[in-house]
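Q: Below is the sequence, then the predicted model.
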Number of protein chains: 4
Amino acid sequence: MNEPTLRPAAAPVNIEPDGFEPVNFASDNVTGVAPEIMEAIVEANGPQGAWPYGNDEATGGLNAQFSGLFDTEVSVYPVATGTAANALCLSLVAQPFNTVYCLKHSHTYEDEGGAPEFYTNGAKLVPVPATDGKMTAAALEAAIGEVGGGGARLPHVMEAAAVSVAQVSECGTVYTVEEIRDICAVARATGLFVHLDGARFANAVAALGCEPSELTWRAGIDLMSFGATKNGAMAAEAVVLFNEDLEDTLSRRRMRGGHLFSKMRFVSAQLARYVEDRLWLQLAANANAMAERLSAGLSEIDEVAIEYPVDANLIFATVPGDTADRLRDAGFDFYDWGDPDRPSIRLVCAFNTDADDVDRFVEAARG
Amino acid sequence: MNEPTLRPAAAPVNIEPDGFEPVNFASDNVTGVAPEIMEAIVEANGPQGAWPYGNDEATGGLNAQFSGLFDTEVSVYPVATGTAANALCLSLVAQPFNTVYCLKHSHTYEDEGGAPEFYTNGAKLVPVPATDGKMTAAALEAAIGEVGGGGARLPHVMEAAAVSVAQVSECGTVYTVEEIRDICAVARATGLFVHLDGARFANAVAALGCEPSELTWRAGIDLMSFGATKNGAMAAEAVVLFNEDLEDTLSRRRMRGGHLFSKMRFVSAQLARYVEDRLWLQLAANANAMAERLSAGLSEIDEVAIEYPVDANLIFATVPGDTADRLRDAGFDFYDWGDPDRPSIRLVCAFNTDADDVDRFVEAARG
Amino acid sequence: MNEPTLRPAAAPVNIEPDGFEPVNFASDNVTGVAPEIMEAIVEANGPQGAWPYGNDEATGGLNAQFSGLFDTEVSVYPVATGTAANALCLSLVAQPFNTVYCLKHSHTYEDEGGAPEFYTNGAKLVPVPATDGKMTAAALEAAIGEVGGGGARLPHVMEAAAVSVAQVSECGTVYTVEEIRDICAVARATGLFVHLDGARFANAVAALGCEPSELTWRAGIDLMSFGATKNGAMAAEAVVLFNEDLEDTLSRRRMRGGHLFSKMRFVSAQLARYVEDRLWLQLAANANAMAERLSAGLSEIDEVAIEYPVDANLIFATVPGDTADRLRDAGFDFYDWGDPDRPSIRLVCAFNTDADDVDRFVEAARG
Amino acid sequence: MNEPTLRPAAAPVNIEPDGFEPVNFASDNVTGVAPEIMEAIVEANGPQGAWPYGNDEATGGLNAQFSGLFDTEVSVYPVATGTAANALCLSLVAQPFNTVYCLKHSHTYEDEGGAPEFYTNGAKLVPVPATDGKMTAAALEAAIGEVGGGGARLPHVMEAAAVSVAQVSECGTVYTVEEIRDICAVARATGLFVHLDGARFANAVAALGCEPSELTWRAGIDLMSFGATKNGAMAAEAVVLFNEDLEDTLSRRRMRGGHLFSKMRFVSAQLARYVEDRLWLQLAANANAMAERLSAGLSEIDEVAIEYPVDANLIFATVPGDTADRLRDAGFDFYDWGDPDRPSIRLVCAFNTDADDVDRFVEAARG
């Protein structure tokens, strides 16, 4: 099956404010902030002020907190957008004359407006074909085997330096620990670093019920973008470095990108609370459960087909003729997807998606 | 008088969290968030979600709000750091083979870790000498007259394209409307754009009691970084475009820099509230008033000399031998400044600086 | 048929100097300098010296000379490598946040070590599938139809700005005037510029027997890299601008790339002589004729298959098992090509290829 | 004394071809090619062709040849312009978030159209004041002592990584071995690399009569641009790496810049012949001797003042009122220099400058 393509529907871009409806399955980033995290933000606003640029207590504690979470010594750099996290990560592993393997429909390749090229000063992203929205070790190996693979010695051919994989994938599928391990093994054999785009990492960990370490450094991941924004934070992502061999220039690269916040504690407080008391996994668990419920409901409708395994919180469904219109009339929002001639929709559940809304959606879809 | 240099004191960087003291005059960015703005953030977290990436109501309203504020049609792009705002602005006015005039001790030249060079893809900042921390029209004219000025035709010499001026200046002085006008006239005569780094623009407007338009587009400013973070916001700055001739690629450049927030409404809500009901000017007025009180108090102490006119909320003072140590022992924080052999300190008052703290500081300084 | 891939054989890279043999079909760049052009270089070395950086007579005359050649007013910028010409051209038509359509196996995409990304400051090359090594208008249209095509409004998706087409193609096929026209029509309809990589433009014009203008600006080409090095020059290519709407920053971009020669007249003299008296077409005619002769000879051998139409001076042939080794033992050189399991070779004829050598090659191939 | 500034006189740029006069002291790059080198170029055009991209015999021999010349193992990369050599060198020693110390009136800072910023992807050149056109160890030390010096730990302040020094200096003065050693010692103490811009290195070595190694790696130089173009080559410079700790990515960076010539042997042949049989020093010796003769002659004229020690082949002279005009009327060419109100001229002697022309010039100046 071909990979879907998000069609930039006119609607979301030109949305009339009053046309907005309460039940929005368009993305997990249409949500607001989880109450626990908002509380942490407000609390961070103590009477005393704090040293700027990350020289505060909350930021200072992140390394220890994430080292505990990942059961190994890590370096953590908070930023505020996933694109910044991804692009900064890639700038650590790819020089301007290097290439990075990724999927064609990955966020990194298609949806970051050139940020990876910008932050790496011109490295090239090389698309690898996907299976169910995931990169396979075999596909990566084949891509490396082509000219330009890890062994390219001619200066004409850009040399491969890294692989970037998104977990959860853009199609809502989740890489198993073994799949990640296999990809990393292929990468390691060619001397490539592996970056994990974990914009929805919480959903993957919640789905697999594994330890964060198993899905990352124990499997061979060198560095990751640890997402929180899509799962209840306001604007907080963490660059997490596992591999000590990585040239640690992140601090200067983040500053140069304009991503060092003077009042950094308000970003760090989000991350600190997010990983405290397993909040991140609880929030993700709701999103995943709601997606399962939604998927189960839709599956029972004739003419509706679920396109990919619903491993986490994203659902892609082909729906009959006027279903999408009817659902929108009923007050639901979502993105169109895929080819215009085969109407398909993308539905994303979030940390705060409500079971009643899911059920009403299924009912409305049933027509 | 030479321009001062912020010495990167070991202390702030390696600060022991528990060594932090309640009264911190180090910078206006050590403060937290003004209550009104925190309230706006919390309110933005409504139950309904919002379209991401700025397609929300709060962001949608900024153009009108700022157009009202500036009494002309403007385009507004919210970002979260002043460095991002400045670097994005410069990327609109300078091609990679252009130069930009600025002061040597400006934030843009010295304190943005290469962000201007990054976002312009390699333009060169050319330092112009300062008078009382300000650029003069005459100094700019002299710099343009050197090789590399606006008329350089040889491809060897990079061509000048813009001037960047900080208002309030790094020395705490405020450009008058006329001074800005004179600089813009010189720039205009050579075909240069003029950018205003308004990280502390509120303090300047509050100090002069003039209209925002007078200090900007009416004087000849083409675009500006309109700061809010230092004056009570959490992390919010606005790129404001006055000149319609500017190539409007800001939207793509911001995305490419990783500065397009998915939950943009939380940034926009800060800006919206900040300029509502003249809140920004009230906050700045307190900062300015406290600086005046502090400066007045210090001036009366023998051996203490105030280095620059205290036009807004920054004070630079040379203090006798052990004064700085004594003040720190008393629980005050601030940055060292200038040459090590002529002990000098920088004090910054903020939107929430308290008169009692100011008075206690003066008393402690008196020794 | 899939597009072939040049395998970076160990041999050419690590060649033992004394292992080099007189008959080398590896590329047209293994040749030296045509006698007429060498003579022009020596003549340019007059006793008087000349103003540097292109302010000499030879360079000054190029605009008129090329305007005559193309039957329209053009701007010409001499450089010394094809990669510089291509990358500089692309930097005129694509901003850093733009994409450029090209073929996956084009020189621009695969063999320029990241120069296009470097000179455009990070634009992205988007591969379009090829038919017989050529881009079709239909394939371009389909690519544009995907997300990221000319109409992309979201800042997430990089906006397309240009198409780059190589004439002669990497597979040795030649675009007809009509094919170029069709591609340009599709591009124009979407607001894209069209760049022609004319490293072997002479071979295409000689093959088609048309006017240079028909294959370029009259068909809709906006700018081109006009190659001379592969066809008898020492190191000389010309950036030729047809479209006056192009922002003419080439002079500064060339300087910034380090491609402005102080003794430019020695580059310009090559170009001037190259296009004088139809020398360029005579040289190309020999290369094309020799390729035809070689192709005709090989076609008669059983088990040898010619892979693409031999429109110009390149031949791709699948040869039986040990043929390649036997030919190399006989003193011929060439690159391997395609998949290792289906042995195939690339043969390139040049301005100075000798009919006797061609005949001996065919004989040796016959075994 | 202030450093002079080359005024971009209208004349050279818009020169009428027939207005060009045989005796041109404007620069050593107005000359042609030394006969020995032209002969080597013609000889390189043998009947057999050669493997492209530097896989030829001449290029292959350069490492050994230059290792002999410098009495140590070096890596050599031929390029065709001094700007390319300098910018590529700097890209090896400075990351995008680093700074490089150099003189304000150095070629690197003022005359390379942004190439250093381009090739380093945005590093910043920091000007150091000059004494007689040279950097002193003390001035470098003072510059490092300012914020932003080698010890800067804050990400706000770009970190210094290298120093670049031109030998011969832009004012025609020559650094002694000891001066170079002192600069390198200061640099080494702060962990900075030292680059030598040796566009006129031959003139310096010829002037000092020392070994090339003494002026370079033995004194602490890490890498250099070894110029030949200004001293009799057509277009040939060599990047020479002395320090094995340098990350050796030059090959890929050169390709990415479009500076890898397919017919590289024609560049390499120039370099090979240039350093053979001490040709480079013989050529430079003539240039230096002619400058001495010219300087001696001019010194005897009242009202003419020589501005800098004439250590090599450049002379800067203040001349009375109409002298420059009179000299030009007499058929001599040269650049104006310095401030318009204090008429001063720059005279450059070259490998082929004739004693009779020098004498005629002096006579004409005498008026």
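A: Happy to help now that I have it. Residues are numbered from 1 along each chain as shown, chains lettered A, B, ... in the order given.

Q: What segments of chain A are strands?
A: Ranges of strands in chain A, per DSSP state E, are A:23-24, A:75-79, A:98-103, A:124-128, A:159-166, A:193-198, A:223-227, A:237-241, A:305-306, A:314-318, A:332-333, A:335-337, A:344-348.

Q: closest one to chain C among the ones you listed?
A: Closest approach to chain C among the strands of chain A (CB to the nearest CB): strand A:124-128, 6.1 Å. The way it works is simple: take the backbone N, C-alpha and C, and place the C-beta from them, glycine included.

Q: Serialize the strands of chain A to JSON lines and add fields for distance to chain D and mean neighbour count.
A: JSON lines is the format used below for these (distance: least, CB to the nearest CB, whole Å; neighbours: other CB atoms under 10 Å in any protein chain shown):
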{"stretch": "strand A:23-24", "distance to chain D": "38", "mean neighbour count": "22"}
{"stretch": "strand A:75-79", "distance to chain D": "11", "mean neighbour count": "24"}
{"stretch": "strand A:98-103", "distance to chain D": "9", "mean neighbour count": "25"}
{"stretch": "strand A:124-128", "distance to chain D": "11", "mean neighbour count": "21"}
{"stretch": "strand A:159-166", "distance to chain D": "7", "mean neighbour count": "26"}
{"stretch": "strand A:193-198", "distance to chain D": "17", "mean neighbour count": "28"}
{"stretch": "strand A:223-227", "distance to chain D": "18", "mean neighbour count": "29"}
{"stretch": "strand A:237-241", "distance to chain D": "14", "mean neighbour count": "26"}
{"stretch": "strand A:305-306", "distance to chain D": "45", "mean neighbour count": "15"}
{"stretch": "strand A:314-318", "distance to chain D": "36", "mean neighbour count": "23"}
{"stretch": "strand A:332-333", "distance to chain D": "41", "mean neighbour count": "22"}
{"stretch": "strand A:335-337", "distance to chain D": "36", "mean neighbour count": "19"}
{"stretch": "strand A:344-348", "distance to chain D": "35", "mean neighbour count": "25"}
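
Q: Which one, of those strands, ends up nearest to B:L283?
A: With CB to CB as the measure, strand A:75-79 is the member of these nearest B:L283 (26.1 Å).

Q: what's the closest one in contact with?
A: With CB atoms under 8 Å, 6 or more residues apart in numbering or on different chains as the test, strand A:75-79 has contacts from A:54, A:59, A:62-63, A:65-66, A:85, A:88, A:236-241, A:248, A:250-251, A:254, A:259, A:261, A:264, A:267-268, A:271, B:258.

Q: Buried ones among those?
A: Buried members of the contacts of strand A:75-79, counted by 16 or more other CB atoms under 10 Å in any protein chain shown: A:54, A:59, A:62, A:65-66, A:85, A:88, A:236-241, A:250-251, A:254, A:259, A:261, A:264, A:267-268, A:271, B:258.

Q: related to what we said a few turns ago, with B:G191 as the reference, name the closest of the strands of chain A.
A: Across the strands of chain A, B:G191 has its closest neighbour in strand A:124-128 (36.5 Å, CB to CB).

Q: orientation of that closest one relative to strand A:98-103 in degrees?
A: Going by axes from the mean of the first three to the mean of the last three CA atoms, to 10 degrees, strand A:124-128 is angled at 30 degrees with respect to strand A:98-103.

Q: Please see if strand A:124-128 touches chain C.
A: Yes. Strand A:124-128 is in contact with chain C by CB under 8 Å from any CB of the partner chain, via A:124-125.

Q: what packs against that strand?
A: Here strand A:124-128 touches strand A:98-103, helix A:107-110, helix A:115-119, helix A:137-145, strand C:124-128, going by 3 or more CB pairs under 8 Å, 6 or more residues apart in numbering or on different chains; DSSP states H and E.

Q: quick one: which of the ones you listed is nearest D:F334?
A: For the helices and strands packed on strand A:124-128, the distance to D:F334 is smallest for helix A:115-119, at 44.9 Å, taking CB to CB.

Q: Can you tell me how far the residue of the stretch 201-350 of chain A found nearest chain D is from chain C?
A: Chain D sits closest to A:M255 of the stretch 201-350 of chain A, with a gap of 3.6 Å, by CB to the nearest CB. From A:M255 across to chain C, the span is 19 Å (CB to the nearest CB, to the nearest Å).

Q: residues from the stretch 251-367 of chain A in reach of chain B?
A: A:252, A:255-263, A:266-267.

Q: Equivalent analysis for the stretch 101-250 of chain A, please.
A: A:112-115, A:118-119, A:229-230, A:234-235.

Q: Just send those back as JSON lines, with distance to D:M290 and neighbour count too.
A: Shown next, in JSON lines, are these (distance: CB to CB, whole Å; neighbours: other CB atoms under 10 Å in any protein chain shown):
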{"residue": "A:E112", "distance to D:M290": "59", "neighbour count": "30"}
{"residue": "A:G113", "distance to D:M290": "58", "neighbour count": "27"}
{"residue": "A:G114", "distance to D:M290": "54", "neighbour count": "28"}
{"residue": "A:A115", "distance to D:M290": "56", "neighbour count": "30"}
{"residue": "A:F118", "distance to D:M290": "51", "neighbour count": "26"}
{"residue": "A:Y119", "distance to D:M290": "52", "neighbour count": "30"}
{"residue": "A:T229", "distance to D:M290": "70", "neighbour count": "25"}
{"residue": "A:K230", "distance to D:M290": "72", "neighbour count": "29"}
{"residue": "A:M234", "distance to D:M290": "72", "neighbour count": "28"}
{"residue": "A:A235", "distance to D:M290": "68", "neighbour count": "24"}
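
Q: Widest-spaced pair of those residues?
A: Greatest spacing in these, by CB to CB: A:G114 and A:M234 (25.3 Å).

Q: who's in contact with the residue positioned nearest the centre of chain A?
A: Centroid check for chain A by CA atoms, centre = their mean gives A:A199 as the closest residue, at 2.2 Å. Taking CB under 8 Å, 6+ apart, we find A:A199 in contact with A:82, A:107, A:166, A:168, A:225, A:227, A:229-230, A:237.

Q: any idea what sits nearest A:V205, other than its immediate chain neighbours?
A: Leaving aside its chain neighbours, A:V205 sits nearest to A:P212 (5.8 Å; criterion: CB to CB, 6 or more residues apart in numbering or on different chains).

Q: my read: the one you found touches A:L69, true?
A: Yes. If you go by CB atoms under 8 Å, A:P212 and A:L69 touch, sitting 5.8 Å apart.

Q: And these two? Which one has more around it.
A: A:P212 (23 against 19; other CB atoms under 10 Å in any protein chain shown).

Q: do you know how far the more buried one is from chain C?
A: Distance of A:P212 to chain C, given as CB to the nearest CB: 28 Å.

Q: How about A:H105?
A: Taken as CB to the nearest CB, the span from A:H105 to chain C is 9 Å.

Q: Count the neighbours of that residue for me.
A: 21.

Q: What of A:Q48?
A: A:Q48: 12 surrounding residues under other CB under 10 Å.

Q: returning to what we had before: including distance to chain C, could the contacts of A:A199 go into CSV?
A: Conversion of these to CSV gives the following (distance: CB to the nearest CB, whole Å):
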residue, distance to chain C
A:G82, 11
A:H107, 9
A:A166, 15
A:V168, 18
A:S225, 16
A:G227, 16
A:T229, 15
A:K230, 15
A:E237, 16
